[in-house]
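Student: 3D model of this:
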Amino acid sequence: MKKVCVLGSTGSIGLQTLSVLKENDKLFSLVGISCHSNADAIYKQVKEFKPKFVAINIIEKNHPLNHFCTKNNIILISGENSSSTLALKVKADLVLNAIVGTSGLEPTINIIKSGTDLALSNKESLVLAGHIIMPLAKKNNVNIIPVDSEHSAIYQCMIGEKKDTIEKIVLTGSGGPFLTRELSTFNSILPEEALKHPNWDMGRKISIDSATMMNKALELIEAIWLFNTTFDKIDIVIHPQSIVHSMVYFKDGSYKAHLGVPDMRVPILYALTFPNRSSNNVERLNFESLNLTFEKPDYKRYPILSLTEKLLMAGGNRVAVMSIANDYIVQQFLERKITFKEIFTKLVETVKKFENDKLPSVKELNTLDENIRLYFESK
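Tutor: Sure thing, here's the model as predicted:
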């Protein structure tokens, strides 16, 4: 039985992961879970799964979770960076990092330092510190198995293939909820409209990133590190149906594509069972009814894609600044403090303010995060 720890267990990916674990309880044992502050939700999970470890950053002293953990001999880790502490203490065969945003970086590094295989859903880890994480994983002989549907698809298409036979990676994206919306109306987009993804069941932050296609920009950068390639070897293609999760194009002119229903339980289960496969109770494709379309992304509609290419070419800390700033800017949009179009303009402004030509260390990334947070709080 494989021992699994889930960081970010109360978020969208975390909840779906626990659902997969429950359906396959003869294969897996849940030994640790964590969240930021949703004490009520994680309390329910602890009562159901009874893991050996639970971590939470913010919890009231009188919350019943405290007493339950004491009564059942469950180790409760609380306070700042509790997930990072859990990543070092838990004894697991695999840790799935489903934390959203910049806060997932330090846990990723600690998982790798502990020598534990990592199922990675937190794309910001590699976006911010791929130059640190990938050499560290190699040094510690740690497998990084991607959980994102696109990277899982590419990962599976590459198995058994030689790197020098690969011509291009084709990263597909649905285009989000505003693929056909009139551009002149973008300034009036409301948060509740942006949260309505046409195909995927995702968390709030990732749903907004999908609407702007920041999600795809981050996935592009993540793919560069995961698959040891360059951005000119990756094409982004709009595929509204979200059936082809990504493709690999080989030098002999052939393609490998990974197809399936848009259900995150599929790549989650693959990451949990790798290098094996297990049965999954998800909908099967009906090929008779499929109508698949593909198109190039419109950079006027998705200017973040163009910005990302420029920042990758410029190098330094610029991509990291964009990713960190996006966490705070998306929150401002969700709180109705800025318009949808201002997400992009504020990204550009923040990169200009904090950019430099040096690849950041982990300490510098933490300082950068703090400085950017203070910058937005002062506005």
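
Student: residue boundaries of the strands in the stretch 51-200 of the chain?
Tutor: 53-56, 75-78, 94-97, 117-120, 144-146, 166-173 (DSSP state E, counting those that start in this stretch).

Student: and those as JSON lines, adding mean pLDDT, mean neighbour count and distance to Thr230?
Tutor: In short, each C-beta sits where N, CA and C put it, glycine included. Converted to JSON lines, those look like this (pLDDT from 0 to 100; neighbours: other C-beta atoms under 10 Å; distance: least, C-beta to C-beta, whole Å):
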{"stretch": "strand 53-56", "mean pLDDT": "98", "mean neighbour count": "26", "distance to Thr230": "37"}
{"stretch": "strand 75-78", "mean pLDDT": "97", "mean neighbour count": "17", "distance to Thr230": "40"}
{"stretch": "strand 94-97", "mean pLDDT": "98", "mean neighbour count": "27", "distance to Thr230": "25"}
{"stretch": "strand 117-120", "mean pLDDT": "98", "mean neighbour count": "25", "distance to Thr230": "20"}
{"stretch": "strand 144-146", "mean pLDDT": "98", "mean neighbour count": "23", "distance to Thr230": "18"}
{"stretch": "strand 166-173", "mean pLDDT": "97", "mean neighbour count": "21", "distance to Thr230": "10"}
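
Student: can you list these in JSON lines and add distance to Leu86?
Tutor: Output for the strands of the stretch 51-200 of the chain, formatted as JSON lines (distance: least, C-beta to C-beta, whole Å):
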{"stretch": "strand 53-56", "distance to Leu86": "4"}
{"stretch": "strand 75-78", "distance to Leu86": "6"}
{"stretch": "strand 94-97", "distance to Leu86": "9"}
{"stretch": "strand 117-120", "distance to Leu86": "14"}
{"stretch": "strand 144-146", "distance to Leu86": "19"}
{"stretch": "strand 166-173", "distance to Leu86": "32"}
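
Student: of all these, which lies closest to Tyr249?
Tutor: The closest of these to Tyr249 is strand 166-173. By C-beta to C-beta, the value is 4.2 Å.

Student: and that closest one, what other elements does it pack with?
Tutor: Judged by 3 or more C-beta pairs under 8 Å, 6 or more residues apart in numbering; DSSP states H and E, the packing partners of strand 166-173 are helix 149-158, helix 214-226, strand 234-238, strand 244-250.

Student: Any idea which of the ones you listed gets closest to Phe294?
Tutor: strand 234-238 (5.2 Å).

Student: For that closest one, which helices and strands make contact with it?
Tutor: Looks like strand 234-238 contacts strand 166-173, helix 214-226 (3+ C-beta pairs under 8 Å, 6+ apart).

Student: what distance separates the shortest one from the middle of the whole chain?
Tutor: Same thing as strand 166-173. Put simply, strand 166-173 sits 18 Å off its chain's centre (C-alpha atoms, centre = their mean, to the nearest Å).

Student: one step back: export the helices and strands packed on strand 234-238 to CSV and tack on distance to Phe344?
Tutor: As requested, the helices and strands packed on strand 234-238 are arranged in CSV below (distance: least, C-beta to C-beta, whole Å):
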stretch, distance to Phe344
strand 166-173, 17
helix 214-226, 9
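
Student: looking at these, which is closest to Gln331?
Tutor: Here helix 214-226 is closest among the helices and strands packed on strand 234-238 (C-beta to C-beta), at 13.2 Å.

Student: ok, and what's touching that closest one?
Tutor: 123-124, 126-127, 130-131, 133-134, 144, 146, 148, 150-151, 154-155, 169, 171, 173, 206, 208-210, 229-231, 234, 236, 297, 302, 304-305, 307-308, 312, 319, 323, 326, 343 (C-beta atoms under 8 Å, 6 or more residues apart in numbering).

Student: if we can go back for a sec, export the helices and strands packed on strand 166-173 to JSON lines and append columns for distance to Ser278, mean pLDDT and mean neighbour count.
Tutor: As requested, these are exported to JSON lines (distance: least, C-beta to C-beta, whole Å; pLDDT from 0 to 100; neighbours: other C-beta atoms under 10 Å):
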{"stretch": "helix 149-158", "distance to Ser278": "14", "mean pLDDT": "97", "mean neighbour count": "24"}
{"stretch": "helix 214-226", "distance to Ser278": "23", "mean pLDDT": "96", "mean neighbour count": "24"}
{"stretch": "strand 234-238", "distance to Ser278": "30", "mean pLDDT": "97", "mean neighbour count": "19"}
{"stretch": "strand 244-250", "distance to Ser278": "19", "mean pLDDT": "98", "mean neighbour count": "22"}
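
Student: Using TSV, lay out these together with distance to Phe376.
Tutor: Compiled in TSV, these are given as follows (distance: least, C-beta to C-beta, whole Å):
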stretch	distance to Phe376
helix 149-158	29
helix 214-226	16
strand 234-238	28
strand 244-250	33
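
Student: mind checking which of these is nearest Pro267?
Tutor: Judging the helices and strands packed on strand 166-173 by C-beta to C-beta, what sits closest to Pro267 is helix 149-158, at 3.7 Å.

Student: Which ChimeraX command selects the buried ones in the contacts of helix 214-226?
Tutor: Buried subset of the contacts of helix 214-226, written as a ChimeraX selection, criterion 16 or more other C-beta atoms under 10 Å:
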select :123,124,126,127,130,133,134,144,146,148,150,151,154,155,169,171,173,206,208,209,210,234,236,297,302,304,305,307,308,312,319,323,326,343
